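Student: Everything below, folded, please.
(one chain, ligands or ions: 2)
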Amino acid sequence: PAPAPRRPIRELPDELISQIAAGEVVERPASVVRELVDNALDSGARQINIKLMGGGVRAIVVEDDGCGIPAEELPLALKRHATSKIRNLDELESVATMGFRGEALAAISSVAEMALSSRCEGAQHAFRLDARSGELVPAARSQGTSVEVRELFFNTPARRKFLKSEGTELAHCLEAVRRHALARPDVGFTIWHEGKLVEQLRPTQVESRLADVLGAEFLRDSRPVYAEAGPLRVYGRAGLPEAARGRADMQYVYVNGRYVRDKLIAHGVRSAYEDVLHGQRQPSYVLFIDIAPDRVDVNVHPTKIEVRFRDGRELHQQARYAVQDALAVSRSAEAAASPE
Ligand code: ADP
Ligand code: MG
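Tutor: Ligands and ions are numbered 1, 2, ... in the order given. Here you go, the predicted model:
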C-alpha cells in the first residue's frame, strides 16, 4: 500500500500522554495493588488493608494508617511527576522509599475511576478527592489514606481485553501482596475479596512471616542464609534440594527491601544447587540483599522490578557462596547427626 501522506507533528493531549505512560506501569489489577501498597509502606503504615472486588478489576481499595496527605496536596498527588519522596539527583541516587517517580497515581487515575481519602496528623478530619470531577469534600476516617480504584481500563477497552479470569487476576493480586509481606513482617496486612477475608497477616518476626506466607513446610525445609562482604549483606532462607519444586514459584529476591527479578542473581543462586539438584527441579528461596545504594540503579524500569548493579559479577558470586554455605552447613549437620 502507498505510504500515508505525512501529517504535521502535534503535541499529544495530557490525558493521552498519561494513558500511554500508564501502559508501562499498570498492566493488570496486581500492578495497581503493588503501587498502592508501595505508597502505603512509604507512608509509614503499620497496618494495610486491601479490599478487592471482581479480582481487582471492579474495585481495589487500599487503606493504611500512615502519615496521610494534607488536603491542599491531594490534587498534587494525582499529578504526573509530582512526588514528596525526592527533590534532586542526589536524593534519587540514594533513594530509600519504594516510590520516587511520582507516576503511579497519575497513571492509575488515567485508566480507572479513582478517589483518595486522607487525614494527616493533627487534621480536624479527612478529605476526599474524586479524581474525575476534582471535587474535594470533607470525609470521615482516622489518620492515614484510602485509595479507591474502580473499573480498571473502563476507558481503554483494548487493555481490558487482555485481562484474564477473575480468579487469575485475584491470584496475581495476592502474589503482589505476598511479595511485600515477606519483606515487611513488621507490618500487618489483610486482604478481602468480595467482602470475605482471604488472608490475614499479623505483624511478627521475619521467620514467622515466612511461615505465614509460604507455609510452615518452607521454614522446615529451608536453611538460614547469611553472608557479609563489606557493605554487602545476603541473608534469608534457602530451600533444601530435597524440597525443590516443579515450578519456580517460590523464589523471592529483594534488593534493599525491594522485590526484584534479576537473572544474574537467580543464576548465582541456581549454581549453588548445581551439584545437588538435577534436571528442571526448582529451588525455593527468599533472599534479601542489602547493598550500598550507589551500587544499584533502581531507576531502570517504571515498575522498578528490574534493577542494574555496578558489580554484577561480584553479586553473582556472593549469592552463590551464601547459598552454598547454607546448604553445606545443613549437610554437615545431618552427617554429624547420623554417622554411617
Ligand atoms: P511516588 O510514590 O513515586 O511518589 P505516586 O504517584 O505513587 O508517586 O504518589 C504521589 C505522591 O502521593 C507520593 O509522593 C506521596 O506524597 C503521596 N501519597 C500517595 N499515596 C500515599 C499514601 N498511601 N499515604 C501518604 N501519601 C501518599
Ligand atoms: Mg508510589
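
Student: For Ser271, which residues are in contact?
Tutor: Arg320 (Cβ atoms under 8 Å, 6 or more residues apart in numbering). Every residue, glycine included, has its C-beta placed from N, CA and C.

Student: Tell me which residues touch the residue of the stretch 1-150 of the chain found nearest ligand 2, please.
Tutor: In the stretch 1-150 of the chain, the residue that lies nearest ligand 2 is Gly99 (2.9 Å; Cβ to the ion). Contact partners of Gly99, counting by Cβ under 8 Å, 6+ apart, are Glu35, Asp38, Asn39, Asp42, Thr83, Lys85.

Student: What strand or helix carries it?
Tutor: Counting by DSSP states H and E, there is no helix or strand that carries Gly99.

Student: State the distance from it to Leu210.
Tutor: 25 Å (Cβ to Cβ, to the nearest Å).

Student: ditto for Phe218
Tutor: Taking Cβ to Cβ, one finds Phe218 at 6 Å from Leu210.

Student: ditto for Met98
Tutor: Distance from Met98 to Leu210, counting by Cβ to Cβ: 20 Å.

Student: likewise Val137?
Tutor: For Val137, the distance to Leu210 (Cβ to Cβ) stands at 43 Å.

Student: give the contact list for Ile69.
Tutor: Contacts of Ile69 (Cβ under 8 Å, 6+ apart): Ala77, Leu116, Ser118, Cys120, Thr145.

Student: hey, what's Ile289 bridged with?
Tutor: Val234, Val255 (DSSP bridges).

Student: Going by the annotation, which residue ranges form each domain of this protein?
Tutor: With automatic domain parsing as the criterion, the domains of the chain are listed as 14-201, 215-334.

Student: end to end, how far does the last one reach?
Tutor: So that's domain 215-334. 23 Å (Cα to Cα, to the nearest Å).

Student: Averaged pLDDT, that domain. What do you get?
Tutor: Domain 215-334 shows an average pLDDT of 92 in the prediction.

Student: One more: stretch 145-162?
Tutor: Average pLDDT, stretch 145-162: 95.

Student: and the residue of the stretch 201-340 of the chain found nearest ligand 2, how far is that from Val298?
Tutor: Closest approach between the stretch 201-340 of the chain and ligand 2, counting by Cβ to the ion: Lys304, at 9.7 Å. Here Lys304 is placed at a distance of 5 Å from Val298 (Cβ to Cβ).

Student: ranges for the strands of the stretch 201-340 of the chain?
Tutor: 222-229, 232-239, 251-255, 258-260, 285-290, 296-297, 308-309 (DSSP state E, counting those that start in this stretch).

Student: export the ones you listed to TSV and tack on distance to Val177?
Tutor: Output for the strands of the stretch 201-340 of the chain, formatted as TSV (distance: least, Cβ to Cβ, whole Å):
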stretch	distance to Val177
strand 222-229	21
strand 232-239	19
strand 251-255	13
strand 258-260	11
strand 285-290	15
strand 296-297	24
strand 308-309	26
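
Student: Between those, which one is closest to ligand 1.
Tutor: strand 258-260 (12.7 Å; Cβ to the nearest ligand atom).

Student: Centre of the chain to the closest one, how far?
Tutor: Distance, stretch centre to chain centre, for strand 258-260: 7 Å (Cα atoms, centre = their mean, to the nearest Å).

Student: just checking, what packs against it?
Tutor: When contacts are defined as 3 or more Cβ pairs under 8 Å, 6 or more residues apart in numbering; DSSP states H and E, strand 258-260 packs onto helix 166-183, strand 251-255.

Student: Out of the ones you listed, which gets nearest to ligand 2?
Tutor: Among the helices and strands packed on strand 258-260, helix 166-183 sits nearest to ligand 2 (Cβ to the ion), with 12.6 Å.

Student: List the first helix or strand encountered after the closest one toward the C-terminus.
Tutor: Scanning onward from helix 166-183 (DSSP H and E), the first element met is strand 188-193.

Student: ok, that next one: who's next to it in the sheet?
Tutor: Assessed with DSSP bridges, strand 188-193 is paired to strand 47-53 (parallel), strand 196-201 (antiparallel).

Student: Now do the buried residues in it.
Tutor: Residues of strand 188-193 classed as buried by neighbour count (16 or more other Cβ atoms under 10 Å): Gly188, Phe189, Thr190, Ile191, Trp192, His193.

Student: cool, and stretch 205-212?
Tutor: For stretch 205-212, a neighbour-count test (16+ other Cβ under 10 Å) marks Val206, Arg209, Leu210, Asp212 as buried.

Student: Pick out the most distant pair among those residues.
Tutor: Spatial extent of the buried residues of stretch 205-212 (Cβ to Cβ) is set by the pair Val206 and Asp212 at 10.7 Å.

Student: returning to what we had before: which neighbours do Phe218 and Leu210 have in common?
Tutor: Common neighbours of Phe218 and Leu210, counting by Cβ under 8 Å, 6+ apart, are Arg237.

Student: Right, I'll call it a day here.
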